[in-house]
Every structure is written in C-alpha cells, then in structure tokens.
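Student: what follows is a predicted protein model with its sequence.
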2 protein chains.
Amino acid sequence: MADPSRKPDVFQAIADPTRRQLLSMLGEREMPVTVISGHFPMSRTAVSKHLRILADAGLVKERKVGRETRYRLEPEPLLELKRWLAYYERYWDNKLLALQRFVEGDETDGTIALVAPEEDGTRTAE
Amino acid sequence: MADPSRKPDVFQAIADPTRRQLLSMLGEREMPVTVISGHFPMSRTAVSKHLRILADAGLVKERKVGRETRYRLEPEPLLELKRWLAYYERYWDNKLLALQRFVEGDETDGTIALVAPEEDGTRTAE
DNA sequence: TTGACATGAAACCTTTTGGTTTCATATAAT
DNA sequence: ATTATATGAAACCAAAAGGTTTCATGTCAA
C-alpha cells in the first residue's frame, strides 16, 4: 500500500468498472501505465488515478523499472471481500456450508466470518 | 426489482458502508423503514433512498403490509459478486481450485467464470 | 548535452452521490 | 370524520468522483 492516510476501501475500489477491468488486465503480467492506458478510452492520467486508488486499496503493487512504473495485481485484499461474502452464503445455500468452511478455512487464516464482525464488513481499526 | 431503467449495479450497491449495514440487518427478518432507520444516524428519507438503491440492484425486496413497507434481504445478486471473485481465487490459491469448483458448481448454475467473461464482471446486456 | 519518453502532481470542470427539509398520499386509529 | 402514522417524491445542497489539460521531473537515447 502506498499512503495509509488515503482510505484503502476495497469495496469502493472495485465499485468502478474501469478499475475492475484494470484488475483483470493486471492479473497475469505486470504492465507500465502507457501500455495499460492504451486499452482504455480515456486519458493516461485518468488511468493513472484509477491505478492510484487500486494501489491505496492494496489491490495493485507498483514497481519502478527505469523510467516506467509497472503495475501488477495484488489479490490479497480481495480476501476481505471473500470474508464478507462468506457470511451471505448461508442465505442461498445452507447444506454446503460445512464443506465450504472446511475449504476456505484452509486457505485463509481460518477466521471465516459467519457472524458479520463489524456489521458492514469494514475493518475500521485493527 | 423496481424499475429496470435504474442501473442495478451490485458492485456499486455494496460500495457504501451504510448499505452493507442494511444488508446485514435485513438478513434474518424483514423490517419496516421506520424501524430500520432507527439504527442509523441519518434521516429516515436517507435510509429510504439507500433501500431504493439496494432494491434496484435486486439485493432487497419490498413488501407492502398495511401502511408500512417492509424490506428483506434478497441474496441472489451476490452470486455475481461471487462469480467475479471466483476468478481471482486462482491468484491466492491454486491447489484448492478443483475442490472449490466442485463445491460452487453444485450450488450455482454451474458456470463459475474461470476466465473473466466481460473483463470487468458486468452483465451489460444478457 | 540535448531531446524524446514515461509518469505523477496540480488545477480545474461536470456529474454523481449522500445527505437534508418539505410536501403529498395512503392507511390506521379514535 | 378527523387525526396520527408510514412512506416516497421533490427540490435542494455540499462533497466526492471521474474526467480533462497543463506542467514538472526523472530517465533513456543520440
């Protein structure tokens, strides 16, 4: 993450379709800003600002290589979203809850929230 | 859903912390607007507008009972979010992907998107 | 060293968002 | 019939979001 003073809200970060597109684009390979912005119908600066928001949310990491800055996906913050979503799985499927917990409990830190921890899924101060 | 002319973007809908709180509140029991808004530090009208946005996204359903309108959670649209998230699971965990697919393929319609379908997870026209 | 390229910062603008207060309408209670 | 309750619609407002253009800076290439 870049600056902790800027709010790193992952829900907010993925709300914008352009930013979701950015994430899917940066999944496999890292890319410099100019190349990335070539795929979007907006200015390079606008794309740069979206990347900044994603970086603040911890969803992308930047790496300086010579005169260019390359961005790549950092999927870890999506775990918060997964945790939030896990709570609601019980509403559309109950019978698979136990197995789901087993699977997800092994790949995360084991604290799948089956009772919504903050009522809204934010981690205000931890 | 209320009016199809209003955009039913689930990503947008859950971006707001108040609306996430609303969802968690309406999970178990349906509630009328006045009771709901009693839990929030804003006007009843403001809460009502949030509920409208959630309804447009299909995340809550309203039911008129006498002079009051009761709202309750409708979790189905969260499946889109789950599908979107499923694509990124491969980035933080590869070895459990097969089992994950098995589990989720059984509880959804079976079309877990392992290749992002629209590049950004939106269902523009389907 | 000089010029081209890659990028972020700054200033600015327009639209959307999240909130307010006021008003209209429908139902319930007396 | 009259009054109180429950709610949404409307008009309005400030702040945030998403975009632009311009400018400054750092790095690579001649």
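Tutor: Structure received. Residues are numbered from 1 along each chain as shown, chains lettered A, B, ... in the order given.

Student: packing partners of the lengthiest helix in chain A?
Tutor: If you go by DSSP state H, chain A has its longest helix at helix A:78-92. Secondary-structure packing of helix A:78-92 (3 or more Cβ pairs under 8 Å, 6 or more residues apart in numbering or on different chains; DSSP states H and E): helix A:10-13, helix A:97-107, helix B:17-25, helix B:78-92. C-beta: built from backbone N, CA, C; applies to glycine.

Student: for that helix, list the C-alpha coordinates in PDB.
Tutor: Presented in PDB, the C-alpha positions along helix A:78-92 are these (Å, rounded to 0.1, in the frame of the first residue of the first chain):
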ATOM      1  CA  LEU A  78      -9.900  -9.500  -2.000                       C
ATOM      2  CA  LEU A  79      -9.900 -11.800   0.900                       C
ATOM      3  CA  GLU A  80     -11.900  -9.200   2.800                       C
ATOM      4  CA  LEU A  81     -14.500  -9.300   0.200                       C
ATOM      5  CA  LYS A  82     -14.500 -13.100   0.300                       C
ATOM      6  CA  ARG A  83     -15.000 -13.000   4.000                       C
ATOM      7  CA  TRP A  84     -17.800 -10.500   3.700                       C
ATOM      8  CA  LEU A  85     -19.400 -12.700   1.000                       C
ATOM      9  CA  ALA A  86     -19.000 -15.900   3.000                       C
ATOM     10  CA  TYR A  87     -21.400 -14.500   5.600                       C
ATOM     11  CA  TYR A  88     -24.200 -14.400   3.000                       C
ATOM     12  CA  GLU A  89     -23.500 -17.800   1.500                       C
ATOM     13  CA  ARG A  90     -25.700 -19.200   4.200                       C
ATOM     14  CA  TYR A  91     -28.700 -17.400   2.700                       C
ATOM     15  CA  TRP A  92     -28.600 -19.000  -0.600                       C
END
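
Student: most packed of the helices and strands packed on helix A:78-92?
Tutor: Mean neighbours per residue, mean count of other Cβ atoms under 10 Å in any protein chain shown, is largest over the helices and strands packed on helix A:78-92 for helix A:10-13, with a mean of 22.

Student: so what does A:Leu26 have for phi and psi?
Tutor: Backbone torsions for A:Leu26, taken as degrees, to the nearest 10, come to phi -100, psi 10.

Student: please tell me how far it sits from A:Ala57.
Tutor: According to Cβ to Cβ, to the nearest Å, A:Leu26 and A:Ala57 sit 13 Å apart.

Student: rewinding a little: tabulate the helices and strands packed on helix A:78-92 in CSV, adding columns for distance to DNA strand D and mean pLDDT.
Tutor: Listed next are these as CSV, based on distance: least, Cβ to the nearest atom of the strand, whole Å; pLDDT from 0 to 100:
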stretch, distance to DNA strand D, mean pLDDT
helix A:10-13, 6, 98
helix A:97-107, 29, 50
helix B:17-25, 12, 98
helix B:78-92, 17, 92
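
Student: now these in CSV, with distance to A:Arg83?
Tutor: Conversion of the helices and strands packed on helix A:78-92 to CSV gives the following (distance: least, Cβ to Cβ, whole Å):
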stretch, distance to A:Arg83
helix A:10-13, 11
helix A:97-107, 9
helix B:17-25, 12
helix B:78-92, 11
